[in-house]
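1. quick one: sequence and predicted model below, then my questions.
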Amino acid sequence: MSDINYLDGYIYHMVHFGNLRNIFHRRAILSKDKMLQEKIPYHSLAYEEVQTLRDRIFVRVSLESRYRPLHSYVPFYFATHTPMLHVQYRKGVQNEIIVLEVSRSLLKERGVLFTDGNASNQQLAKHGREQVIITPATVLDNACRRRYLPGGPYGTNQSCSDFYSDVSFLDHLDWDGINHIRRIDPLEEYLRVRHAEVLVPDLLPLGRVEGIYARMRDMVQAVNTLIEESGLSGRIPSAVSKPGLYF
């Protein structure tokens, strides 16, 4: 492993302002599956076709002796200015996006995984039915393995994103690509690498959040009013304006 400390930094989760009241009430950021189980309404920022792909991805969790749906994880990004955020910018709703910042030390905790690209990139056919079970790389087996059911893969994309279960694999990530230091071609590979993820099982308690950011000052005020109304003043960080995180 490199001498660089890849845990010295942050990861980021984007939410629509309309979801904050429920997040503050629940005192946690929930996975999609958790929100559905608890019947919590939410405003999704994701493309439906990507969500459909993620519906067909499962992770083999040796500690739990089961296959865990990808949607049972809360996704974070290593990168800021992700292509996903740029989509919100193009839609004209970027100012309604709140960025939650968490220390990368979270990666050391049991059950937390990370990927070297968008987790949905598994060569699944866009309109197919095949599913994939992913076994993340471990210190005992340094290869990420996949099993497609009933067969496959049948997708046409060229790259798969690997899953890792130990921080010793952080040097496998394309950090120059993630940090937008080098150009990545083709576009599909750029989109994949820039969306490298951290996957937190089920939920992340709000107490782990170290920064809450909005682009505009009026949104900062709205978030801080919500924090106060939720009884969270002094228990989580106050929101601040950080336009540099946005387009």
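-> That came through, no problem.
2. run through the bridge partners of P69.
-> F58 (DSSP bridges).
3. how about it, what does it touch?
-> Counting by C-beta atoms under 8 Å, 6 or more residues apart in numbering, P69 makes contact with D33, D55, I57, F58, V59. Heads up, the C-betas are built off the backbone N, CA and C, glycines and all.
4. turn those into a markdown table, including distance to Y190 and pLDDT.
-> Output for these, formatted as a markdown table (distance: C-beta to C-beta, whole Å; pLDDT from 0 to 100):
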| residue | distance to Y190 | pLDDT |
| --- | --- | --- |
| D33 | 29 | 97 |
| D55 | 25 | 96 |
| I57 | 21 | 98 |
| F58 | 27 | 98 |
| V59 | 25 | 98 |
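5. just those residues now: which is nearest L232?
-> Proximity of these to L232 (C-beta to C-beta) peaks at D33, which lies at 24.6 Å.
6. just checking, the closest one is part of a helix?
-> Yes. Using DSSP: H, G, I helix; E, B strand; the rest coil, the assignment for D33 is a helix.
7. any idea how far R110 is from it?
-> Distance of D33 to R110, computed by C-beta to C-beta, to the nearest Å: 19 Å.
8. what's the answer for V59, then?
-> Distance of V59 to R110, computed by C-beta to C-beta: 14 Å.
9. same drill for those two, tell me which one is more crowded.
-> More crowded of V59 and R110, by other C-beta atoms under 10 Å: V59, with 23 against 7.
10. next one: the longest helix seen in the chain to chain centre, how far?
-> Secondary structure of the chain per DSSP state H: the longest helix is helix 217-229. Here helix 217-229 is found 24 Å from its chain centre; the criterion is C-alpha atoms, centre = their mean, to the nearest Å.
11. please point out which parts of that helix sit buried.
-> M219, V220, A222, V223, N224, L226, I227 (16 or more other C-beta atoms under 10 Å).
12. quick one: contacts of it?
-> 17, 20-21, 24, 95-96, 98, 212, 214, 233, 236, 238-241.
13. filter these to the buried ones?
-> Buried by 16+ other C-beta under 10 Å: F17, L20, F24, E96, I98, I212, A214, I236, A239, S241, out of those.
14. out of those, which sit inside helices?
-> F17, L20, F24.
15. what about the helices in this protein?
-> Taking DSSP H, the helices of the chain run over residues 17-26, 32-37, 48-54, 83-91, 175-178, 187-194, 217-229.
16. what comes up buried for the fourth one?
-> Okay, so that is helix 83-91. In helix 83-91, counting by 16+ other C-beta under 10 Å, buried: M84, L85, Q88.
17. just the fifth one next, same as before
-> By 16+ other C-beta under 10 Å, the buried positions in helix 175-178 come out as W175, G177, I178.
18. so how far is it off the chain centroid?
-> Here the centre of helix 175-178 is set off from its chain's centre by 16 Å, with C-alpha atoms, centre = their mean.
19. what's that helix in contact with?
-> Against helix 175-178 from outside (C-beta under 8 Å, 6+ apart): Y6, F78, A79, I181, R182, I184, Y190, V193, R194, A196.
20. go with 10 Å
-> Helix 175-178 is touched from outside by 2, 4, 6, 77-80, 82, 116-117, 181-184, 189-190, 192-196, with contacts defined as C-beta atoms under 10 Å, 6 or more residues apart in numbering.
21. do the same with the first one
-> Residues outside helix 17-26 that contact it (C-beta under 10 Å, 6+ apart): 13, 15, 29-30, 34-35, 38, 40-45, 93, 95-98, 100, 203-206, 209, 212, 214, 219, 222-223, 226-227, 229-232, 236, 239.
22. from the buried residues of helix 175-178, which is closest to P153?
-> G177 (23.1 Å).
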